[in-house]
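J.: okay, sequence plus prediction incoming.
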Amino acid sequence: LLLISTSFYAQNYEKNWNTVIENENNCKIKSANIIVAKIHKKAIADKNEVQIIKCFFYESKYLQVVDENAQTKIINNLKAEIEKASIPSKAILNLVYAKCLSDYQKQNYNLVYSRTNTVSLDDDFLTWTRTDFTNKINSSFENTLKDEHILKSTSLTQYEELFDFLTLEKFVKENLFDYLLKENITFYTQKINSWGNHTPEFKKLEKKLLGKSVDFIKLNIDFVKNETLKKILELYQKKEINAPNLENQFERIKFCNSYLLSSDDIFMKSLNAIQKETKDLLLTQKIQLEKAIILNNQASKETHPDYKIQAIATLDSIIKSNNRSNAHKQALQKKKEINSKNLNIKLQKYSHPDENTRAFVSYKNLDSLSITFYKIDQKTIKEFINSRYNKDYFASTIIKDKKAVVTQNYLLENKKNYLEYTTEVLLPQLKTGSYLVCFESNTDTDNKKAFAFETITISNLTLLAWQKEKEENYQVLDRKTGKPLEN
């Protein structure tokens, strides 16, 4: 009987959450929030902590959409629930509370920044200053890790309904302390810049910062002056003391290389060392993704012309597994980016009739190029230049019903190494008039093209203008000879 009852309630919750998600997908956030409030009420009656926490996760997302009364209610309910929740649930709720406050502060930055500091902290967050928010957010994050022993003994599976996990095997091994450590690191990492921390002190320690856990956890980081950065490194040390595995080592060396060192050669060696040692497919995919990014960034025509080819091969090794990991999705995106077609054109804006002129072309992943000229008037040129909308869209509407004056096709050298090249092409001779020029590549396997638009004017005339005192003077000249024209 108990089993049937539990199953019924679980299905009932799931049905309601599906309705919430459906409303979200249809941008009906307020409707979704009303349903979440009903689920919340039922979860309290059932004393279902996991469902209560899940409600707060969703309500925190809606904090910026609802009115001030609803905001206050969500925050006050969250604070009240923290007081009476079990220690593990209290830790998760502190995380939700800290994120709520952080999101509110970001969305209302100017309002919060303009408030003057108060002597004591009021319970009403709508009156808090920037200092009040910072202190409360930091203390809440500290509270997420306060009961370390209990959190380590709490399996994440107890809160399974809160998480979207990729593999059950990996999820079962994680405890709540692991999860909250990662959340703390993610939050504080957003507070620092990826530049400005590359000091000689870190350079001296790069082997330990990018090395094994046993060396990193012994590192004395008292010399770090930036308190937020110091806190992040301490959290990484705590993370590896708690679980000195290859996954944690990878996450740390990735952070250190991005924010402290930019030592891609040593980083690559560290990645290769971890890859040789691990048997974890998901970790291997993450490592391969980082290696592909390095190869792509270091590619150049002079020193490493084949690096983008190697990057594509590395990305393909991730993609072939066809799982739905984040690394797999990012690999697909990165491959699409490397394969993308680029086209940039520079040409002479004003030319003489029946004159040979050239266009300077920068291109990537193109085999051919067609250039088409459409006759337009000066009014259309002005509208095109001053268009507030997407110029490509505006240009396509111009040429929709126009007949091309001339089209010229060109073959481009494509070395199949995904690098950008430049060339010059000879344009056809044109008669007097104004033209919209359409540059277009051949289509690819996805039926996509690279294209660009520009305007030019073909004329024997040029205009000279000058101002003397309050008088404006204009003179029409022959473009070739520079002589004034009569009448």
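T.: Thanks, I have the structure now.
J.: what kind of secondary structure is the closest residue to Phe133 other than its chain neighbours in?
T.: In this structure, Phe133 finds its nearest non-sequential neighbour in Gln105, 4.5 Å apart by Cβ to Cβ, 6 or more residues apart in numbering. Backbone N, C-alpha and C define where each C-beta goes, glycine included. At Gln105 the chain is in helix, as set by DSSP: H, G, I helix; E, B strand; the rest coil.
J.: before we move on, what about Lys416?
T.: Going by three-state DSSP: Lys416 is coil.
J.: use 610 as the first number for this chain going forward.
T.: Done: numbering now begins at 610, and the last item shifts to Lys1025.
J.: how about it: what's its closest non-neighbour residue?
T.: Ile918 (7.8 Å).
J.: the one you found: neighbour count?
T.: 18 (other Cβ atoms under 10 Å).
J.: that one - that's part of a helix, no?
T.: Yes: Ile918: assigned to a helix according to three-state DSSP.
J.: quick check, it in contact with Asn1026.
T.: Yes: with contact defined as Cβ atoms under 8 Å, Ile918 counts as touching Asn1026 (5.8 Å).
J.: show me where pLDDT drops low in the stretch 710-859 of the chain?
T.: 727-731, 773-779 (pLDDT under 70).
J.: and what of the stretch 860-1009 of the chain?
T.: In the stretch 860-1009 of the chain, residues with pLDDT under 70: 997-998.
J.: what helix or strand is the residue positioned nearest the centre of the chain on?
T.: By Cα atoms, centre = their mean, the chain has its centre lying nearest to Gln939, at 10.9 Å. Following DSSP states H and E, the helix or strand that holds Gln939 is helix 935-948.
J.: touching that helix from outside, list them.
T.: 891, 894-895, 897-898, 901-902, 905, 917, 920-921, 924-925, 927-928, 930-931, 974, 1027, 1053 (Cβ atoms under 8 Å, 6 or more residues apart in numbering).
J.: what does stretch 1012-1026 give?
T.: So stretch 1012-1026 is in contact with 908, 914-915, 917-918, 970, 972, 974-984, 1030, 1032, 1034, 1036-1037, 1039, 1044, going by Cβ under 8 Å, 6+ apart.
J.: quick one: buried ones out of the residues you listed?
T.: 908, 917-918, 970, 972, 974-975, 978, 980-983, 1030, 1034, 1036, 1039, 1044 (16 or more other Cβ atoms under 10 Å).
J.: in contact with Gln987, which residues?
T.: Taking Cβ under 8 Å, 6+ apart, we find Gln987 in contact with Ser1043, Thr1066.
J.: measure the closest residue to Thr1041 other than its chain neighbours to Leu1035 for me?
T.: Counting by Cβ to Cβ, 6+ apart, Thr1041 lies nearest to Pro962, which is 4.8 Å off, once chain neighbours are set aside. Remark: distance between Pro962 and Leu1035 (Cβ to Cβ, to the nearest Å) = 16 Å.
J.: go on, Glu631?
T.: 58 Å.
J.: likewise for Ser879?
T.: With Cβ to Cβ as the criterion, Ser879 and Leu1035 are 51 Å apart.
J.: thinking again about what came up before, from the buried ones among the contacts of stretch 1012-1026, which ones fall inside helices?
T.: Within the buried ones among the contacts of stretch 1012-1026, residues falling in helices by DSSP state H are Lys917, Ile918.
J.: which ones are touching Ile1008?
T.: Residues near Ile1008 by Cβ under 8 Å, 6+ apart: Thr981, Tyr983, Leu1045, Cys1047.
J.: taking these, tell me the two that lie furthest apart.
T.: Across the contacts of Ile1008, the longest distance by Cβ to Cβ is 8.9 Å; it joins Thr981 and Leu1045.
J.: returning to what we had before: any idea which helix or strand comes after the helix holding Gln939?
T.: Of the helices and strands lying after helix 935-948 in sequence (DSSP H and E), the nearest is strand 951-956.
J.: tell me where the stretch 810-959 of the chain has strands.
T.: 951-956, 959-960 (DSSP state E, counting those that start in this stretch).
J.: count of neighbours near the residue lying closest to Ser640 once chain neighbours are set aside?
T.: With Cβ to Cβ, 6+ apart as the measure, Asn632 is the residue that lies nearest to Ser640, at 4.7 Å, once sequence neighbours are left out. When neighbours are counted by other Cβ under 10 Å, Asn632 registers 18.
J.: ok, Ser926 next?
T.: Ser926 - counted by other Cβ under 10 Å - has 14 other residues nearby.
J.: residue contacts, it?
T.: Gln897 are the contacts of Ser926 under Cβ under 8 Å, 6+ apart.
J.: how much space is there between Leu892 and Glu899?
T.: Taking Cβ to Cβ, one finds Leu892 at 11 Å from Glu899.
J.: one more: Leu941?
T.: For Leu941, the distance to Glu899 - Cβ to Cβ - is 16 Å.
J.: what do you get for Ala641?
T.: 37 Å.
J.: could you do Asn829 as well?
T.: As judged by Cβ to Cβ, Asn829 and Glu899 stand 27 Å apart.
J.: identify the residues contacting Phe1062.
T.: Phe993, Lys1000, Asp1001, Ala1004, Leu1045, Val1046, Cys1047, Phe1048.
J.: mind checking which of those residues are buried?
T.: Phe993, Ala1004, Leu1045, Val1046, Cys1047, Phe1048.
J.: my read: the second one touches Ile990, true?
T.: So that's Ala1004. No: Ala1004 lies out of contact with Ile990 (Cβ under 8 Å); the separation is 11.2 Å.
J.: what sits in contact with each of these two?
T.: Shared contacts of Ala1004 and Ile990 (Cβ under 8 Å, 6+ apart): Leu1045.
J.: that older thread, between Ser879 and Leu1035, which one's more packed in?
T.: Neighbours per residue, other Cβ under 10 Å: of Ser879 and Leu1035, the larger number sits with Ser879, 25 against 11.
J.: so what's the residue count around the residue nearest to that one when sequence neighbours are not counted?
T.: Of all residues not flanking Ser879 in the chain, Leu819 sits nearest, at 4.7 Å (Cβ to Cβ, 6+ apart). For Leu819, the count of nearby residues is 25 (other Cβ under 10 Å).
J.: kindly report the same for Lys1012.
T.: Neighbours of Lys1012 (other Cβ under 10 Å): 7.
J.: check the one 10 residues further on too.
T.: By the measure other Cβ under 10 Å, the count of residues near Glu1022 is 9.
J.: backbone dihedrals for it, please?
T.: phi -80, psi 120 (degrees, to the nearest 10).
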